[in-house]
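J.: with the sequence up front, the predicted model follows.
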Amino acid sequence: MSFTQKHLEAIERAIARGEKTVRYSDRTVEYRTVDELLRAREEIRSSLISAAGPRSRVVRLSHGGKGI
């Protein structure tokens, strides 16, 4: 299944409210335990991170003072 940011937000709302039922647009999923809900959140996070692909970092250094 392809996850979206909305899936992650729905899971996090359920965790914050102490609920084990998560509603996605046309589906409702009831998790048996909070631990199962937390594992689902991590799976969604991992999926979103891997779908984003590698990220490059650009570090720019500048010197605004007088030269030595």
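T.: The structure has been received and is ready for your questions.
J.: please count neighbours and contacts with C-alpha atoms only from this point.
T.: OK.
J.: tell me where the model's unsure across the protein.
T.: Low-confidence segments of the chain, defined by pLDDT under 70: 1, 55-68.
J.: now do the buried residues in the helix or strand hosting Ile44.
T.: If you go by DSSP states H and E, Ile44 is part of helix 34-52. Residues of helix 34-52 classed as buried by neighbour count (16 or more other Cα atoms under 10 Å): 37, 41, 44-45, 48.
J.: excluding its backbone neighbours, what's nearest the residue nearest to the spatial centre of the chain?
T.: In the chain, the residue lying closest to the centroid (Cα atoms, centre = their mean) is Arg45, at 3.8 Å. Spatial nearest neighbour of Arg45, excluding adjacent residues (Cα to Cα, 6 or more residues apart in numbering): Leu8 at 7.0 Å.
J.: let me see the contact set for Thr33.
T.: Lys20 (Cα atoms under 8 Å, 6 or more residues apart in numbering).
J.: between the buried residues of helix 34-52, which is nearest Ser25?
T.: Lowest distance from Ser25 to the buried residues of helix 34-52 (Cα to Cα) belongs to Ile44, with 16.2 Å.
J.: count the residues that sit near the residue nearest to Arg45.
T.: If you count neighbours by other Cα atoms under 10 Å, Leu8 ends up with 17.
J.: so where does it fall, helix or strand?
T.: helix 5-17.
J.: who are the packing partners of that helix?
T.: The contact analysis (3 or more Cα pairs under 8 Å, 6 or more residues apart in numbering; DSSP states H and E) places helix 5-17 against strand 21-24, helix 34-52.
J.: got the contact list for that helix?
T.: Applying Cα under 8 Å, 6+ apart, the external contacts of helix 5-17 come out as 20-24, 34, 37-38, 40-41, 44-45, 48.
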